[in-house]
Structures are given as structure tokens and as C-alpha cells.
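> Kindly generate the corresponding structure for this input.
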Amino acid sequence: MAEHEHVRVAVVGSGFGGLGAAVRLRREGVTDFVVLERAGSVGGTWRDNSYPGCACDVPSHLYSFSFAPHPDWPRSFSGQEHIRAYLEHVTDTFGLRPHLRFDSEVKRMVWDTERLWWEIETGNGTLTADVVVSATGPLSEPRVPDIPGLDTFPGKVFHSARWDHDHDLRGQRVAVVGTGASAIQIVPAIQPLVSRLTLFQRTPPWVLPRMDRAISGAERALHRALPFTTRLRRGLLWGVRELQVQAFTKHPGELGLVEQLARRNMARAVKDPALRAKLTPDYRIGCKRILLSSTYYPAIVRPNVDVVAGGLSEVRGSTVVAADGTEAEADVIVFGTGFHVTDMPIAERVVGAEGRTLAETWTGGMEALRGASAAGFPNWMTLIGPNTGLGNSSMILMIESQLNYLADYLRQLDLLGGRVALDARRSAVRVWNHRVQQRMKHTVWNTGGCTSWYLDANGRNTTVWPGTTGEFRRATRRVDLSEYAVLRAPAKKTTAPHENTEVAA
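You can find the predicted model right below:
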């Protein structure tokens, strides 16, 4: 990285959000930007999560950019290796490599109130930027619970997002902690290899069959020859999911039929009434993310698998102990315990106009105007920010909506002219957040009777969007300047240092 480098836009992260932002910048004619990536390759969560069985639970043709359709997806639900290859393909197709800065983890970024730019310290040098786009994503920092005695465990310990591929699990006694989206893929993949698998289940998930299949050569040939068929397929997948949204957001009672399907799915594979009772959730389906798997239940009924109805509470040497006192011996502990979603570590590294970190500003809970702009952090935008998550569709749809907002944000800066910045008004952030939280009250995520990673430490749902993706796209189509304070660089002779001139938009 060049010394004293200054760019118009610095994008942090090279997953779907970061690469999508880079493509959109180039398409808007912005070439003065860098993509800061802490690792040595692109891919984000699809680079980091390479555990056995890792795959997407959203159909492939919907889990891809609308501006980069891929006619050659091999399966209806693609595996990690295919999604990562797709992101590498996007990087090359759109000429993004000159903009990439690998091994450049952001250590700290500070807003300069006089110069109206961001000072960014990375693991590979420093730079400044007029605008920062944070695309680190909510699934980037693994969460490992603080378990008493874990440091005494003599075997291997790793998180699903940091899989140790050098360690052979064959013939090993493995404890898997957690029953979320990663764990239900890991368990069927490793069960045939291990001598004993102990699954620590704090809360059972609702599981529906995963209707996965190979996409035939004829289908792929059709998509290559007639590109509109790929768009049509994507549109149909999108439409079905849009129709499902009201059941999640307004009428959770309508999910009863889906719950019956999940119960039948379990009953087909799990014949033991006691085990079935242990695996049956006590909350409304949809309150936690509905998981898709056709191999999870068949795997956990195998003779070498034990399901413990309780989380891991203690480790005593090679003995793992559950909350109910159940003990088991293990050679390996795999944590499938999720990520820092509502307390993203990047927030501790961002220092705004008032000298406070984003984490300090968000002590009472994450909130951002239209999921993008936080008050007191001028020219800083986040992708997949507060209340932009989805419970039943593709996050790529939300990312592309936010890219529309980013594009218009930059256009507004150009129209205003000069050295200028936009800072979300606190009143606008409050109004937006209040509306979102009012709508959230009636959703299954808030009324379904569960505790999920959608909720923050205060019990507020700061993660999920309580509407359709179409609604969100309309809400982020344009930047409303009345929701922002316009900041201009102070006059050198008449304005005191560090004092901005605020102009009502």
C-alpha cells in the first residue's frame, strides 16, 4: 500500500458485500477505490467457512448477483467451494483485482472533522478515504462461549468457521457444540468417520427437507443459450419467497402448516419417541431460522451419535460436561456456536466525529438509517447493517438494494460539490428505527417464544428486516438529503480547527 495513499472510497471486506460494492463503484464510473481484505483471498464467509458439508440454504440462482448471473450452477443448493469459485469469477470478470489490498485488516479508522475524511490504519499500512463502505458482514467473527476448564482440554478445539483440515477425525471422539445452520451440515458429514459423536443441543431447531438436486447438463445448456431463462428462474424463486413474508412478519399463525411438515420430516427418520421429544422445539417455527437438511435426522439416529439436551457447561480434561450433568469423553471439540452478530467487533475500531467508537454509540443496540448510516459517522456506510437480515430469502437481494443507496449517496456528494460529507441526523435514525421496531412487534421472530441470535443483549431484534425485499429496495432507492446534515470543510481563516459548518439540506 502506497505511503499516504488517499482514495475516494475504501471498501472493507471482500465477500459478497465488498465485491458487490466494488462492481457497483466501477459501473458508476468510480475507479479511485480500494478493497481492504484481512485475508489473502476474496470470499468472506464463503472463504472462512470450509467445514465438511458446508453449503448454502438459499437456491443458487437466487444466491448470486443479478448483474452476474451464473448459468452453470451444478446444484440447486450449491456447496461452499462453488460459491467461493463464483466470487473469484466475479472478481476477474469485473476487473477488481487491481483494487484489492490483501493482508490489510483494518485496525482502526478515525473521522477527521477538519479534513472531512477517514484515516484508516491497516495491518499493511495507512491510508485516507473520503467515504468508507464497511462490508465486513455479520458472519465474520466466530463466537466461542467462555466454558470453564476449556483450557485444560488436551485435544483439538476449533470453531466451524476456522476448521482444522489438517486434523483427521477418523476414529476420533468428537463433541459438536450447537445445533444451528453449520452444525446440521457438519454432523451428517463427519458422522460416518468418527467413532463417537456427542451433540450438545441447547435448543433444538426446526428442520425441513432440503430439496437439493443436481442441475442437469440440459438445464445449464439452456441457461447458457437463452440467458432470460436464468433470470426467469431467479424471478420465480424470488417471487415465492416474497409471498411467504407475511406469514413471518404479520401472521405467524399461518406457519402452523409448515410446522406440521417439519414434525413429519422428523417422524420419518426418528422412530424413538424419547429422542423425538428431545429434538422437538417448544417455540413457533420461524422464530429461529428454519434449517434445511435431508441428512441431519438420519445421521443423529445412528448408533455412534448421542444427543445431549443441554449446552456444554464445563470441561474437565478430556471430559465434556453438559448443563444437565451428562458427561462424555472427547478427543475433539467443534464449536458451531455462531458469530458476533449484534456486537460486531468492527464497531470497536470505528471512531466517529464525536470521538466515540461505533460500539459505544451502539451500547443500547445497533441502529442505522435505512440499515446503512449511523449518526455521528459521516460518509460511513455499512452493508448488511442493522435490521437488514432475512429469515427466508437471499441476502444478495438486500445487498444489491444497499448498493443502489450507496450509488445515490455518491451522486449526492458530487452534486453538492467541494469537500463535503453527509452525516445521518439522529432524528432520522430514531424515526427509521422506531418504525422498524414497531413492525417487529408482530413478527414471528419477536412473538415465537424463542431466544435467537437475531436478538441483542437487551432483547431487541436489531438483525432482521420486518418486510419484503421489494419494500426494502423501494426504501433504499434514493438518498433523502433531509435525513442528513451536510458538512463542509471549515474556512481556513474564519473557522476554528475541528469545527464543521453544518448546512441544512
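> CA atoms for contacts and neighbours, from now on please.
Fine.
> so who does Gly171 touch?
193-196 (Cα atoms under 8 Å, 6 or more residues apart in numbering).
> actually Leu255, sorry about that
For Leu255, the contact set (Cα under 8 Å, 6+ apart) comprises 247-248, 284-286.
> Who wins on neighbours among the residues you listed?
For the contacts of Leu255, neighbours were counted using other Cα atoms under 10 Å, and Ile285 has the most, 27 neighbours in all.
> quick one: pLDDT of Asp343?
At Asp343, the model reports a pLDDT of 88.
> can you list the weak-confidence ranges in the stretch 51-200 of the chain?
Applying pLDDT under 70 to the stretch 51-200 of the chain flags no residue at all.
> quick one, strands of it?
In the stretch 51-200 of the chain, the strands defined using DSSP state E, counting those that start in this stretch lie at 100-101, 106-112, 117-122, 125-134, 156-159, 173-177, 196-200.
> gap between the helix or strand just after the last one and the chain center?
So that's strand 196-200. Heading C-terminal from strand 196-200, the first helix or strand you meet, by DSSP states H and E, is strand 207-208. Remark: strand 207-208 is offset 21 Å from the chain centroid, using Cα atoms, centre = their mean, to the nearest Å.
> Adjacent strands (with direction) for strand 207-208?
Partners of strand 207-208 in the sheet, by DSSP bridges, are strand 291-292 (parallel).
> List of residues touching the partner strand?
For strand 291-292, the surrounding residues in contact (Cα under 8 Å, 6+ apart) are 57, 180-181, 205-210.
> at 7 Å instead, please
57, 181, 205-210 (Cα atoms under 7 Å, 6 or more residues apart in numbering).
> What separation do you get for the spatially closest residue to Gly155 that is not a sequence neighbour and Val308?
Residue nearest to Gly155 in three dimensions, not counting chain neighbours: Asp331, with 5.0 Å by Cα to Cα, 6 or more residues apart in numbering. Separation of Asp331 from Val308 (Cα to Cα, to the nearest Å) stands at 17 Å.
> Those two: which is more packed in?
Neighbours around Asp331 and Val308, counted as other Cα under 10 Å, are more numerous at Val308. The numbers are 24 against 19.
> Apart from its neighbours in sequence, what residue is nearest the more buried one?
Excluding the flanking residues, the one nearest Val308 by Cα to Cα, 6+ apart is Phe200, at 5.0 Å.
> try Glu242
Nearest to Glu242 is Thr468, by Cα to Cα, 6+ apart, at 6.0 Å.
> same question, Thr326
Spatially, and ignoring its direct neighbours in sequence, Thr326 is nearest to Val308 (7.3 Å; Cα to Cα, 6+ apart).
> so who does the one you found touch?
Contacts of Val308 (Cα under 7 Å, 6+ apart): 199-201.
> what residues does stretch 110-126 touch?
With Cα under 7 Å, 6+ apart, stretch 110-126 has contacts from 1, 4, 103-109, 127-131, 350-353, 420-421, 489-490, 497-500.
> my bad, stretch 52-70
73, 76-80, 185-186, 189, 234, 237-238, 292, 393-394, 396.
> out of the residues you listed, which are inside helices?
Secondary structure from DSSP state H places 80, 185-186, 189, 234, 237-238, 396 of the contacts of stretch 52-70 in helices.
> Please identify which of those is nearest to His99.
Ile396 (21.6 Å; Cα to Cα).
> The closest one - how many residues pack around it?
Residues within reach of Ile396, counting by other Cα under 10 Å, total 18.
> which residues sit in contact with it?
Contacts for Ile396 (Cα under 7 Å, 6+ apart) come out as 63-65.
> Assign the closest residue to Val270 other than its chain neighbours to helix, strand or coil.
In space, and not counting its chain neighbours, Val270 is closest to Arg276: 6.1 Å by Cα to Cα, 6+ apart. At Arg276 the chain is in helix, as set by DSSP: H, G, I helix; E, B strand; the rest coil.
> Could you do Met398 as well?
Taking three-state DSSP as the rule, one finds Met398 in the helix state.
> Roughly how far does it sit from Ser66?
The spacing between Met398 and Ser66, counted by Cα to Cα, is 12 Å.
> And for Gly311?
Using Cα to Cα, Gly311 is found at 41 Å from Ser66.
> all strands of the stretch 201-350 of the chain, in order?
According to DSSP E, counting those that start in this stretch, the strands that the stretch 201-350 of the chain contains are 207-208, 291-292, 305-308, 312-316, 319-322, 327-329, 332-335, 350-351.
> Could you dump those into TSV with distance to Arg426 and mean pLDDT added?
Formatted as TSV, the strands of the stretch 201-350 of the chain follow (distance: least, Cα to Cα, whole Å; pLDDT from 0 to 100):
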stretch	distance to Arg426	mean pLDDT
strand 207-208	41	98
strand 291-292	37	97
strand 305-308	47	97
strand 312-316	42	97
strand 319-322	45	97
strand 327-329	51	97
strand 332-335	39	98
strand 350-351	17	98
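> Among the ones you listed, which comes closest to Lys441?
strand 291-292 (23.1 Å).
> Now find how far off-centre that closest one is within its chain.
Distance, stretch centre to chain centre, for strand 291-292: 17 Å (Cα atoms, centre = their mean).
> tell me the domain boundaries of this protein?
Split into domains by automatic domain parsing, the chain comes to 5-139+340-504, 150-211+238-335.
> To Arg224, which of the ones you listed lies closest?
Comparing these by Cα to Cα, domain 5-139+340-504 comes nearest, at 5.7 Å.
> Val11 is nearest to which of the strands of the stretch 51-200 of the chain?
Relative to Val11, the nearest member of the strands of the stretch 51-200 of the chain by Cα to Cα is strand 125-134, separated by 4.7 Å.
> Pairing partners for that closest one, with directions?
Take DSSP bridges as the rule and strand 125-134 pairs in its sheet with strand 5-12 (parallel), strand 117-122 (antiparallel), strand 380-382 (parallel).
> and Ile346, how many neighbours?
Neighbour count for Ile346, taken as other Cα under 10 Å: 21.
> Would you mind measuring from it to Asp166?
Distance, Ile346 to Asp166, by Cα to Cα: 29 Å.
> Output the strands of the stretch 201-350 of the chain in CSV; the columns should cover distance to Val42.
Output for these, formatted as CSV (distance: least, Cα to Cα, whole Å):
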stretch, distance to Val42
strand 207-208, 31
strand 291-292, 27
strand 305-308, 36
strand 312-316, 34
strand 319-322, 36
strand 327-329, 38
strand 332-335, 24
strand 350-351, 23
